[in-house]
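Participant: just coords:
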């Protein structure tokens, strides 16, 4: 049998006459006919149909039909009903021996037996010659009777099933009933109704292409072609989307030159190959652009990258070319281009967008630059515009940020020097210069106390400390601050989070800098835990540092610092010195280069 043959060309029933012995054919012809019909039955297919068949009813109280009492010689049609003609109510009455044709599949078969199963309350059945291409659900039409009906089920014959059993695994040759099983397995998500002209058998074989293209434009086109029979046009939103900077940007290789020839025509250099006079580099020019910078005319040549050979053109070297119209030689000098900027000193107080002055002696002086980005800085110098008064060494200072500033951090500081001395601007360590008093300088006497530098040892405190002091950044009152260390390294080591520390200076301990870990901030507290922290008293383990020295008579020991005033007493004495002494001060003997007048405050007058 040929592959994928829907009919059954190899039959046994025509061979019965040649297979049965002659005596059986002559003695038992009915038996021989029985064998033929039996094998025809085995070789036929059974189809179940649903058509309309109207029969002649008797006019009785119950439903009775007009039946035959046997009209052929054997009486085989006895009890058959009389059927109305086609068009008078009957549409599904076929004739034995006529050819039926499927409207969708185009398959044909010959009716062998009309079983008329409707009489038993079942669908009518037809036994036909085999053709497994019939499709369940299609309409079949009789070639002679013109009867039409719907094919409900097709069941192949046993002989064909045995002969073509292995062929049923192919969608091309299987019966339609099995084809539905193929569809349930491979086309589960595909609707039953397909576009006109789409073959389910071919679709089952090609469905892999649809699944492979699923989600793509080709997959969508195939899907519409299968279901609707239409050619779809797929457009993605990205095709019409506007994107920022979506152009095909390229950075050409260029050189900028000035023309050394009068009447040069730079545009005619396009396409010419140039050679540098000093570097020997060669390149082909593919584009020319001329423009002005100030009073200078600049010619920009674009070079084809794959044509550049050599180490590259150098600044101030020349190259030549010829004009095409006048056949004259043109010479150009390569100039420099600002391609990058190196910042050696970032400066201060810049804003983004500020114009930066560039040395006009570089190039043609037309280069310009603007600030594109700034970063935060730090305080490098403090200039005191107004000194104020009553400050002490160690006093904490608060800085108030300008309201217009942004990205600033609060700064803190402390007073390190008060008073000081005046030096001339030209004074140096090797050649000092002094301030000279003018005539009539007023003199005065300054008393200074003698103080102890620490003779009594105090109990040593152990870090971390708690300090009872005044830190004006946090409070103007004397409160507790902890934990504090005398070295920055120990404070940072105590910070197990980020290893940072910050500074504290207190009015009560001028000149001593404390450090607090930044992850444990306790500022301006009313109490402290004495079990965890020692209260800081002094740095040198002494308690009388700075105490006044007294005599046994409870009088203070004083250091007397003499200052003098110069007065013009008369034309003869050019200068004199008036020294004011305290009461009961012992006589002073001093050698001056001019007369001295000692004045005592006692009522006894001068000595």
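Facilitator: Right, received. Where do you want to start? Just so you know, these numbers come straight off a predicted model, no measurement behind them. Residues are numbered from 1 along each chain as shown.
Participant: hang on, isn't residue 288 packed against residue 303?
Facilitator: No - taking CB atoms under 8 Å as the definition, residue 288 is not a contact partner of residue 303, at 10.9 Å. Backbone N, C-alpha and C define where each C-beta goes, glycine included.
Participant: more crowded one of these two?
Facilitator: Here residue 288 and residue 303 are compared on neighbour count by other CB atoms under 10 Å; more neighbours surround residue 303, at 20 against 16.
Participant: Was I right to think residue 367 contacts residue 357?
Facilitator: No - contact criterion CB under 8 Å: residue 367 and residue 357 do not qualify, at 10.4 Å.
Participant: Run through the stretch 301-450 of the chain and note the low-pLDDT ranges.
Facilitator: 407, 420-430, 432-448 (pLDDT under 70).
Participant: hmm, back to that, which of residue 367 and residue 357 has more residues huddled nearby?
Facilitator: residue 367 (15 against 7).
Participant: All the helices of the stretch 151-300 of the chain, residue numbers only.
Facilitator: Taking DSSP state H, counting those that start in this stretch as the test, the helices found in the stretch 151-300 of the chain are 158-163, 176-186, 200-212, 217-227.
Participant: Switch those helices over to JSON lines, and while doing so, append mean pLDDT and distance to residue 532 to every line.
Facilitator: Formatted as JSON lines, the helices of the stretch 151-300 of the chain follow (pLDDT from 0 to 100; distance: least, CB to CB, whole Å):
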{"stretch": "helix 158-163", "mean pLDDT": "73", "distance to residue 532": "98"}
{"stretch": "helix 176-186", "mean pLDDT": "74", "distance to residue 532": "79"}
{"stretch": "helix 200-212", "mean pLDDT": "78", "distance to residue 532": "73"}
{"stretch": "helix 217-227", "mean pLDDT": "83", "distance to residue 532": "74"}
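Participant: burial count for the closest residue to residue 355 other than its chain neighbours?
Facilitator: Spatial nearest neighbour of residue 355, excluding adjacent residues (CB to CB, 6 or more residues apart in numbering): residue 370 at 5.6 Å. Using other CB under 10 Å, residue 370 is surrounded by 9 other residues.
Participant: Angles on the backbone of residue 370, please.
Facilitator: Dihedral pair for residue 370: phi -130, psi 150, per degrees, to the nearest 10.
Participant: Check the gap between the closest residue to residue 294 other than its chain neighbours and residue 148 for me.
Facilitator: In space, and not counting its chain neighbours, residue 294 is closest to residue 366: 5.1 Å by CB to CB, 6+ apart. Separation of residue 366 from residue 148 (CB to CB, to the nearest Å) stands at 95 Å.
Participant: Tell me the buried residues in the top helix by length along the chain?
Facilitator: Ranked by residue count and defined by DSSP state H, the top helix of the chain is helix 29-43. Neighbour counts over helix 29-43 (16 or more other CB atoms under 10 Å) mark 32, 35-36, 39-41, 43 as buried.
Participant: Residue 352 is in contact with residue 372, correct?
Facilitator: Yes - the pair residue 372 / residue 352 is scored as a contact, 6.6 Å apart, by CB under 8 Å.
Participant: Quick check: phi and psi on the closest residue to residue 328 other than its chain neighbours?
Facilitator: Nearest residue to residue 328, sequence neighbours excluded (CB to CB, 6+ apart): residue 322, at 6.9 Å. Backbone torsions of residue 322, given as degrees, to the nearest 10, read phi -120, psi 140.
Participant: Kindly provide the distance from residue 322 to residue 366.
Facilitator: 30 Å.
Participant: Kindly report the same for residue 352.
Facilitator: 23 Å.
Participant: Which one's more surrounded, the two?
Facilitator: Legend: neighbour count by other CB under 10 Å for residue 352 and residue 366, higher for residue 366 (15 against 9).
Participant: Hmm, that one is touching residue 296, no?
Facilitator: Yes - at 7.3 Å, residue 366 counts as touching residue 296 under the criterion of CB under 8 Å.
Participant: From what I see, residue 350 and residue 371 are in contact.
Facilitator: Yes - here residue 350 reaches residue 371: they are 5.0 Å apart, a contact under CB under 8 Å.
Participant: I'd like the distance from the top strand by length along the chain to the chain centre, please.
Facilitator: Using DSSP state E, we find that the single longest strand of the chain is strand 282-293. On the basis of CA atoms, centre = their mean, to the nearest Å, strand 282-293 sits 40 Å off its chain's mean C-alpha point.
Participant: Give me the neighbour count for residue 382.
Facilitator: Neighbour tally, residue 382, other CB under 10 Å: 9.
Participant: Apart from its neighbours in sequence, what residue is nearest it?
Facilitator: Nearest to residue 382 is residue 413, by CB to CB, 6+ apart, at 7.3 Å.
Participant: Now do the same contact list for the one you found.
Facilitator: By CB atoms under 8 Å, 6 or more residues apart in numbering, the contact list for residue 413 reads 382, 396-397, 399.
Participant: try 10 Å this time
Facilitator: Taking CB atoms under 10 Å, 6 or more residues apart in numbering, we find residue 413 in contact with 379, 382, 395-399, 473, 503, 505.
Participant: Residue 332 now?
Facilitator: 255-261, 264, 266, 269, 274, 299, 301, 317-321.
Participant: Could you give me the PyMOL selection string for whichever of those residues are buried?
Facilitator: For the buried members of those, the matching PyMOL selection, counting by 16+ other CB under 10 Å, is:
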select buried, resi 255+256+257+259+264+266+269+274+299+301+317+319+321
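Participant: ok, and the closest non-adjacent residue to residue 153?
Facilitator: residue 48 (4.3 Å).
Participant: circling back: which neighbours do residue 350 and residue 371 share?
Facilitator: In contact with both residue 350 and residue 371: residue 356, using CB under 10 Å, 6+ apart.
Participant: Do a quick rundown of the helices in the stretch 401-550 of the chain.
Facilitator: Using DSSP H, counting those that start in this stretch, helices in the stretch 401-550 of the chain cover 488-494.
Participant: That one: strands as residue ranges?
Facilitator: 412-414, 445-449, 465-469, 479-484, 501-504, 514-517, 522-525, 534-535 (DSSP state E, counting those that start in this stretch).
Participant: and what of the stretch 101-250 of the chain?
Facilitator: Using DSSP E, counting those that start in this stretch, strands in the stretch 101-250 of the chain cover 108-114, 124-129, 139-142, 148-155.
Participant: if you compare these, which one is most tucked away?
Facilitator: Highest mean neighbour count of those: strand 124-129, a mean of 21 (counted as mean count of other CB atoms under 10 Å).
Participant: could you give the angle of it to strand 148-155?
Facilitator: Angle, strand 124-129 to strand 148-155, by axes from the mean of the first three to the mean of the last three CA atoms, to 10 degrees: 70 degrees.
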